[in-house]
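In: what follows is a predicted structure for the sequence shown.
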Amino acid sequence: MHAPPPGLTYPFPAPPPAGGLIEVAGGILWFRLSLPFLLDHVNLYVIEDGDGWTLIDTGLGDRASQRAWAGLLAGALKGRPLKRIIVTHFHPDHVGCAGWLLERFDVPLYMSATEYLLSLNMHLDPGALEADHYRRFYRNHGLDEATTQSVVTKGHEYLRIVSGLPKTFRRLVAGDVLTIGGRQFDVLTGGGHSPEQIMLLNRADKILFAADQVLAKISPNVSVAAVDPAGDPLGIYLRSLAALRTTVPDDVLVLPGHQLPFVGLRARASQLQRHHELRCAAVAAACRAAPRSAAELIPFIFERALDAHQMGFAFSEVLAHVNYMLRRGELTVVAGADPIERVIAT
């Protein structure tokens with residue numbers, strides 16, 4: 001889904017330059033930090049908040065991001081201190097530099113409880129993902145040993161690119177109202193991409209900080225976690241999209257965690273729903289021909305070549321579609337001669 005989707009408009013056709021900012025609404029500035037991944041950037045935002053800034057998301061905690069932050073704080077953001085940091089979810093490109101920034105600004109960190117505790121657990125016990133039951137989860141769904149090894153050591157990678165969290169935080173809960181610089185923001189949460197991702201909606205100025213829940217040109221990764229092997233993140237994600245379509249005005253300016261800001265929330269939510277329906281249809285077609293494991297289904301969904309890093313994400317996303325379809329009765333597990341779980345279309 002990389003072509004420009006129809007039904008969306010882009011008020012800002014180009015991103016801010018490196019080290020620069022764009023004012024997307026009065027007192028709200030957008031800037032980017034680079035990422036060393038296929039998705040090569042993350043969008044960050046600051047909101048004027050009295051004599052300082054409220055920051056939404058932080059970028060990675062690696063040296064390159066820290067250097068970029070040092071330049072911003074001495075340059076484009078100079079003169080106003082950070083007054084608080086809001087982190088939308090626990091993924092390292094959003095929470096990674098929080099600890100580094102909090103060492104420089106004695107300010108509160110706002111997160112949902114689930115996202116804070118997940119990040120804290122990963123930071124304190126990065127080797128936990130290498131436990132035998134995690135390995136069995138991947139191997140039992142047909143993933144090869146080399147890719148399994150890559151996936152289960154992600155905890156160590158997380159530790160390298162997340163600079164830590166404070167011992168206390170301020171909890172954000174769906175239904176809260178947060179006042180920032182005279183504006184009131186309704187706190188929304190959404191699952192699927194991460195368990196309790198924070199979004200902020202200002203109805204008066206028609207602004208939605210959407211984090212990674214709704215992106216303009218790609219679907220966020222929706223993956224089954226090994227700690228919840230029978231979980232249904234895709235079902236949760238689709239319910240979140242339905243809620244956004246019905247509760248958020250269609251003419252809001254969507255400020256996402258990646259790619260360009262856009263207007264056309266309901267059209268995009270419908271496109272994302274259709275995208276996952278088509279993936280389910282591809283899974284069903286493959287499983288009518290023969291029983292397939294989640295790993296064996298990957299080429300039917302991802303036609304391009306994948307490296308080990310991408311393969312882990314692809315596997316977990318395919319399994320999200322399998323689990324969703326199992327719950328809906330569209331697939332059935334079949335026993336085979338080996339311990340690998342395979343499914344057929346019903």
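Out: That came through, no problem.
In: show me the helices in the chain, by range?
Out: For the chain, the helices identified by DSSP state H occupy 63-74, 92-95, 98-104, 113-124, 132-140, 145-152, 154-161, 233-247, 265-289, 294-301, 308-327, in order along the chain.
In: mind checking which of the ones you listed is nearest residue 218?
Out: When the helices of the chain are ranked by distance to residue 218, counting by CB to CB, first place goes to helix 265-289 at 9.3 Å. To be clear about C-beta, it is placed using only N, CA and C from the backbone, and glycine gets the same treatment.
In: packing partners of that closest one?
Out: With contacts defined as 3 or more CB pairs under 8 Å, 6 or more residues apart in numbering; DSSP states H and E, the packing partners of helix 265-289 are helix 233-247, helix 294-301, helix 308-327, strand 331-334, strand 342-345.
In: residue 37 is nearest to which of the ones you listed?
Out: Ranking those by distance to residue 37, with CB to CB as the measure, places helix 308-327 first at 7.9 Å.
In: any idea of the angle the closest one forms with helix 233-247?
Out: Helix 308-327 and helix 233-247 meet at an angle of 80 degrees, taking axes from the mean of the first three to the mean of the last three CA atoms, to 10 degrees as the criterion.
In: now do the buried residues in helix 308-327.
Out: Within helix 308-327, the residues scored as buried using 16 or more other CB atoms under 10 Å are 311-326.
In: which other helices and strands contact that helix?
Out: Contact here means 3+ CB pairs under 8 Å, 6+ apart; on that basis helix 308-327 packs against helix 145-152, helix 233-247, helix 265-289, helix 294-301, strand 331-334, strand 342-345.
In: quick one: distance of it to the chain centre.
Out: For helix 308-327, the distance between its averaged C-alpha position and the chain's averaged C-alpha position is 15 Å (CA atoms, centre = their mean, to the nearest Å).
In: equivalent analysis for stretch 240-250, please.
Out: Relative to the mean C-alpha coordinate of its chain, stretch 240-250 is positioned 18 Å out (CA atoms, centre = their mean).
In: mean confidence for stretch 178-188?
Out: With pLDDT averaged residue by residue, stretch 178-188 scores 97.
In: quick one: end-to-end length of it, please.
Out: Taking CA to CA, to the nearest Å, the first and last residues of stretch 178-188 lie 11 Å apart.
In: tell me the buried residues in that stretch?
Out: Residues of stretch 178-188 classed as buried under the neighbour-count rule (16+ other CB under 10 Å) are 178, 180, 183, 185-188.
In: and the residues you listed as a markdown table, adding distance to residue 122?
Out: Output for the buried residues of stretch 178-188, formatted as a markdown table (distance: CB to CB, whole Å):
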| residue | distance to residue 122 |
| --- | --- |
| 178 | 26 |
| 180 | 28 |
| 183 | 32 |
| 185 | 27 |
| 186 | 29 |
| 187 | 23 |
| 188 | 24 |
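In: which among the residues you listed gets closest to residue 225?
Out: Of all those, residue 225 sits closest to residue 188, with 22.0 Å by CB to CB.
In: contacting residues for the residue nearest to the closest one when sequence neighbours are not counted?
Out: Counting by CB to CB, 6 or more residues apart in numbering, the nearest residue to residue 188 once its immediate chain neighbours are dropped is residue 199, at 4.2 Å. For residue 199, the contact set (CB atoms under 8 Å, 6 or more residues apart in numbering) comprises 88, 187-190, 208-211, 213.
In: kindly report the same for residue 87.
Out: By CB under 8 Å, 6+ apart, the contact list for residue 87 reads 57-58, 94-95, 98, 109-111, 115-116, 198.
In: under the pLDDT cut-off, which ranges of this protein? List them.
Out: Low-confidence regions of the chain, defined here as pLDDT under 70, cover residues 1-5, 126-130, 155.
In: return the residues in contact with residue 200.
Out: Contacts were defined as CB under 8 Å, 6+ apart; by that measure residue 200 touches 56, 86, 178, 185-188, 208-209.
In: the residue lying closest to residue 86 once chain neighbours are set aside: how many residues sit nearby?
Out: Sequence neighbours aside, residue 110 is the residue nearest to residue 86 in space, at 4.5 Å (criterion: CB to CB, 6+ apart). Summarising burial for residue 110: neighbours were counted as other CB atoms under 10 Å, giving 22.
In: thinking again about what came up before, export the helices and strands packed on helix 265-289 to a markdown table and tack on distance to residue 276?
Out: As requested, the helices and strands packed on helix 265-289 are arranged in a markdown table below (distance: least, CB to CB, whole Å):
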| stretch | distance to residue 276 |
| --- | --- |
| helix 233-247 | 6 |
| helix 294-301 | 11 |
| helix 308-327 | 7 |
| strand 331-334 | 15 |
| strand 342-345 | 17 |
